[in-house]
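Participant: the sequence isn't on hand, but the structure is:
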């Protein structure tokens, strides 16, 4: 039995860890930590978690915990993943993997030295419809161009995802998914060739972005473009278009493929029209995390893989005239 502890009592923990654990018999959520002991205890009682801690470090010091899930604010992903590795824990870290590429590289080195499983929670990668996406794209020939959109509705302007000091911004939040998806189909040898941002405030480069669009170039001549935005209202969006030599592919919700529809055409005729499975992306991800720890099964979202995405994020911010997010302090 893999005993996982979750850092913090965030809402994402419920859908990304607690609920999926009910479908993965090899995993149990054994502990929760929060900065306030009473909040941790309330969360543990509400969700049937056996142990509650009033600090993140207390959870890391528990020898009975094998792995941690890190869904803390973006700026704390790198610092607390590093602390978890130092404590001998496997880590499933939410995206974005770190505040910037240099911090991500620190995690890569620590993970390699430790021999532990350190995995970015790019959950969509583990769903069968994404496997099918790659198959359909391969069947239609080389990829010529990729386009991707993400849009998240955030009602409050005070939401921490707008906070530059907490590594906030539309690119950090939804754009990391877009970049990862373009890499999935375009290849890892990518570079940013241009970017344009809509900053929250226009008087300083040290500001979060409410929207950012960027162009990518891949080895072999494939081109890519994405736009990631925050809106005060509106609907969630995560669309992908793929132009192949022999056809077109559209996926209308690549971030949550268990809710998605994949349609491919060739010469105007539909050659694939498929939907996702009932099991969520998070169930598949948790199974993969447990299997990697138990048997060394390979995973696509390693620390090294995540660090490449962080480099492209930094490059996109620079190209758009915005500052790279500062490293977190782990407070």
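Facilitator: It's in. Only a predicted model underlies this, so the values are computations on that prediction, with no experimental measurement involved.

Participant: ranges for the strands of the stretch 51-200 of the chain?
Facilitator: Along the stretch 51-200 of the chain, the stretches classed as strands by DSSP state E, counting those that start in this stretch are 51-53, 67-70, 90-93, 118-120, 143-153, 190-199.

Participant: buried deepest among those strands, which one?
Facilitator: Across the strands of the stretch 51-200 of the chain, averaging neighbours per residue (mean count of other CB atoms under 10 Å) puts strand 118-120 on top, at a mean of 29. From N, CA and C alone the C-beta is placed, and that goes for glycine too.

Participant: please enumerate residues in contact with that strand?
Facilitator: Contacts with strand 118-120, where a contact means CB atoms under 8 Å, 6 or more residues apart in numbering, come from 81, 85, 90-95, 97, 107, 110-111, 288-289, 292, 299, 301-303, 305-306.

Participant: now with 7 Å, please.
Facilitator: Residues outside strand 118-120 that contact it (CB atoms under 7 Å, 6 or more residues apart in numbering) are 81, 85, 91-93, 95, 97, 107, 111, 289, 292, 299, 301-303, 306.

Participant: just those: which are in helices?
Facilitator: 81, 85, 107, 111, 289, 292, 303, 306 (DSSP state H).

Participant: in a markdown table: those residues, plus neighbour count.
Facilitator: Output for these, formatted as a markdown table (neighbours: other CB atoms under 10 Å):
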| residue | neighbour count |
| --- | --- |
| 81 | 31 |
| 85 | 23 |
| 107 | 27 |
| 111 | 23 |
| 289 | 29 |
| 292 | 19 |
| 303 | 26 |
| 306 | 27 |
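
Participant: low-confidence stretches in the chain?
Facilitator: Of all residues in the chain, those with pLDDT under 70 make up the ranges 203, 329-331.

Participant: isn't residue 222 right up against residue 144?
Facilitator: Yes: between residue 222 and residue 144 there is a contact under CB atoms under 7 Å: 6.4 Å.

Participant: so where do the helices sit in the chain?
Facilitator: Secondary structure of the chain by DSSP H: the helices cover 12-13, 19-21, 37-47, 56-60, 77-86, 101-114, 128-139, 170, 176-186, 281-295, 303-319.

Participant: how is the protein divided into domains?
Facilitator: The chain resolves into domains spanning 2-123+284-300, 124-279+310-319 when parsed by automatic domain parsing.

Participant: do you know which of these lies nearest residue 328?
Facilitator: With CB to CB as the measure, domain 2-123+284-300 is the member of the domains of the chain nearest residue 328 (3.7 Å).

Participant: circling back to that earlier point, just name the most buried of the helices of the chain.
Facilitator: Of those, helix 170 is the most buried (mean count of other CB under 10 Å), at a mean of 28.

Participant: what's that one packed up against?
Facilitator: The contact analysis (3 or more CB pairs under 7 Å, 6 or more residues apart in numbering; DSSP states H and E) places helix 170 against strand 209-218, strand 223-231.

Participant: please redo it, this time with the cut-off set to 10 Å
Facilitator: The contact analysis (3 or more CB pairs under 10 Å, 6 or more residues apart in numbering; DSSP states H and E) places helix 170 against strand 143-153, strand 209-218, strand 223-231.

Participant: for the shortest one, packing partners?
Facilitator: When contacts are defined as 3+ CB pairs under 10 Å, 6+ apart, strand 223-231 sits against strand 143-153, helix 170, helix 176-186, strand 190-199, strand 209-218, strand 237-244.

Participant: can I get these in JSON lines including distance to residue 27?
Facilitator: Conversion of these to JSON lines gives the following (distance: least, CB to CB, whole Å):
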{"stretch": "strand 143-153", "distance to residue 27": "28"}
{"stretch": "helix 170", "distance to residue 27": "32"}
{"stretch": "helix 176-186", "distance to residue 27": "24"}
{"stretch": "strand 190-199", "distance to residue 27": "34"}
{"stretch": "strand 209-218", "distance to residue 27": "36"}
{"stretch": "strand 237-244", "distance to residue 27": "27"}
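
Participant: among those, which comes closest to residue 128?
Facilitator: With CB to CB as the criterion, residue 128 lies closest to helix 176-186 of those, at 14.3 Å.

Participant: so what secondary structure elements neighbour that closest one?
Facilitator: Applying 3+ CB pairs under 10 Å, 6+ apart, one finds that helix 176-186 contacts helix 128-139, strand 143-153, strand 190-199, strand 209-218, strand 223-231, strand 237-244, helix 303-319.

Participant: quick revisit: of the ones in helices among the contacts of strand 118-120, closest to residue 229?
Facilitator: Nearest to residue 229 among the ones in helices among the contacts of strand 118-120 is residue 306, at 22.5 Å by CB to CB.

Participant: tell me the contacts of the closest residue to residue 142 other than its chain neighbours?
Facilitator: Excluding its sequence neighbours, the residue lying closest to residue 142 (CB to CB, 6 or more residues apart in numbering) is residue 245, at 5.1 Å. Contact analysis of residue 245 by CB atoms under 10 Å, 6 or more residues apart in numbering lists 140-144.
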